[in-house]
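K.L.:
When you get a sec, could you give me coordinates for this:
(one chain, ligands or ions: 1)
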Amino acid sequence: MTQTALIFEVFTLFPEVFEPYLQISILQRARQRGLVEVRLHNIRDWATDRHHITDDEPYGGGGGMVMKPEPIFAAVEATLGAPPKCPLILLTPQGRLFTQAIAGELALGGLERPGEPRRLGLLCGRYEGVDERVRQHLVTDEISIGDYVLTGGELAALVVIDAVTRWIPGVLGDPDGALDDSHASGLLEYPHYTRPPVFRGWKVPEVLLSGDHGRIARWRRRQSLLRTWRRRPDLLEKAQLSDEERELIQKIQRQGLSIEDELV
Ligand code: 6GU
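P.N.:
Residues are numbered from 1 along each chain as shown. Here you go, the predicted model:
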C-alpha cells in the first residue's frame, strides 16, 4: 500500500451525492489503492439548534437564503483545526476559473508536512451563497468551474476531486497519462480509434495501422494542432510549441487544410 498522497475534506449539506461517482472507475481505484481519500462532512451535523438549521434569510431582504456561519465554522474548525491547517476552497461561481493547471497545483503543490498526507478542504456553497464572514475569515481560495450557475457547489467539488486526482502519481495506469490528456499540453487531444478497422464503411486512418511509431506520433501531433487551431485558437497562443510546430500552423493558415487532414 502506498502512502496516501492527498486527503479531500469535503463540507457539504448533501454528502450522499458524492458516493456514487467516487465508487466507480479511476477514482474508486485510486481510493482503494490508498492514493487519495475523500472524507465527507455533513455541515448539518454541526448545527446546534433543535432543527439543525443551516440557512437563514439575508439581512437587508431580497430573495433566497444564506448559509449560516456557525455550523460551517464548527464543522471546518473541528476537522481542520482552528485556524485550519490546510487550504479551504469555497466552490462558488464567483471564484477563479478552474483549469488543468490549477488542478495540477492543487495535486502536487503546496506545503508538505513531513509524515502527514496533504489535505485539501472543499466547502460546497448552496442557496444564494454563504455568509460573507465565512469567505473573509475561513476560506483561503475560491474556485468556479465555469461561467454558468449551478444549484450548489457539490458538482463542482466532484469536478475538482476528479481533475486533481488524475494528477496524483500512480493514479493513471500510464505514468505519463495525465500529460496526454486534453489541455495538459495546452492542446486538444488527437482523434482516437479502436477496432474494427472498417465500421459501416468508415475507415480508421491508414497511418494508425502502419506500426510506424514515428509516423503515428507526427500524425497525432499534427491532428492535435489542427483540432486546437479549428476549435480553440485561444489555446494555441498559450501552448508551448516547437519552432517546427509554429511553422506547421503558419503553413496550415496560409494553405488551408491538406487533403489527408479530415475536418477535426
Ligand atoms: Cl463552484 N458553484 C456553483 N453554485 N455554481 C457554479 C460553480 C460553482 N462553478 C460554476 N458554476
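K.L.:
and the stretch 51-200 of the chain, which residues reach the ligand?
P.N.:
91-93, 125, 144-146, 148-150, 152-153, 156 (C-beta under 6 Å from any ligand atom). Placement of C-beta: from N, CA and C, glycine included.
K.L.:
which one of those is nearest residue 188?
P.N.:
residue 146 (17.0 Å; C-beta to C-beta).
K.L.:
Test my guess that the closest one contacts residue 97.
P.N.:
Yes - contact criterion C-beta atoms under 8 Å: residue 146 and residue 97 qualify, at 7.2 Å.
K.L.:
need the contact list for residue 77.
P.N.:
83-84 (C-beta atoms under 8 Å, 6 or more residues apart in numbering).
K.L.:
oh, I was asking about residue 62
P.N.:
Applying C-beta under 8 Å, 6+ apart, no residues qualify as near residue 62.
K.L.:
do the one 4 residues further on as well
P.N.:
Taking C-beta under 8 Å, 6+ apart, we find residue 66 in contact with 55-58, 127-131.
K.L.:
Max pairwise distance over those: which two?
P.N.:
57 and 130 (14.2 Å).
K.L.:
neighbour-wise, which of those two wins?
P.N.:
residue 130 (23 against 11; other C-beta atoms under 10 Å).
K.L.:
counting contacts, what elements does the longest helix along the chain pack onto?
P.N.:
Ordering each helix of the chain by length in residues (DSSP state H) puts helix 213-231 first. Secondary structure elements in contact with helix 213-231, counted by 3 or more C-beta pairs under 8 Å, 6 or more residues apart in numbering; DSSP states H and E, are helix 233-238, helix 243-255.
K.L.:
so which of the ones you listed gets nearest the ligand?
P.N.:
With C-beta to the nearest ligand atom as the criterion, the ligand lies closest to helix 233-238 of the helices and strands packed on helix 213-231, at 19.2 Å.
K.L.:
So for the closest one, what gets flagged as buried?
P.N.:
Of all the residues in helix 233-238, those buried under the rule 16 or more other C-beta atoms under 10 Å are 235-236.
K.L.:
Relative to residue 151, how far out is residue 8?
P.N.:
21 Å (C-beta to C-beta, to the nearest Å).
K.L.:
If you count surrounding residues, which of those two has more?
P.N.:
residue 8 (22 against 9).
K.L.:
That one bridge partners, please.
P.N.:
Following DSSP bridges, residue 8 is listed with bridge partners residue 38, residue 120.
K.L.:
got a list of what it touches?
P.N.:
36-39, 119-120, 122, 161, 164.
K.L.:
can you list the domain ranges for this structure.
P.N.:
Segmentation of the chain into domains, based on automatic domain parsing, reads 6-165, 198-262.
K.L.:
Sketch out the strands for the chain, chain order is fine.
P.N.:
Assigned by DSSP state E, the strands in the chain fall at 6-12, 36-42, 55-56, 66-67, 88-97, 118-124, 129-130, 141-144, 198-199, 202-203.
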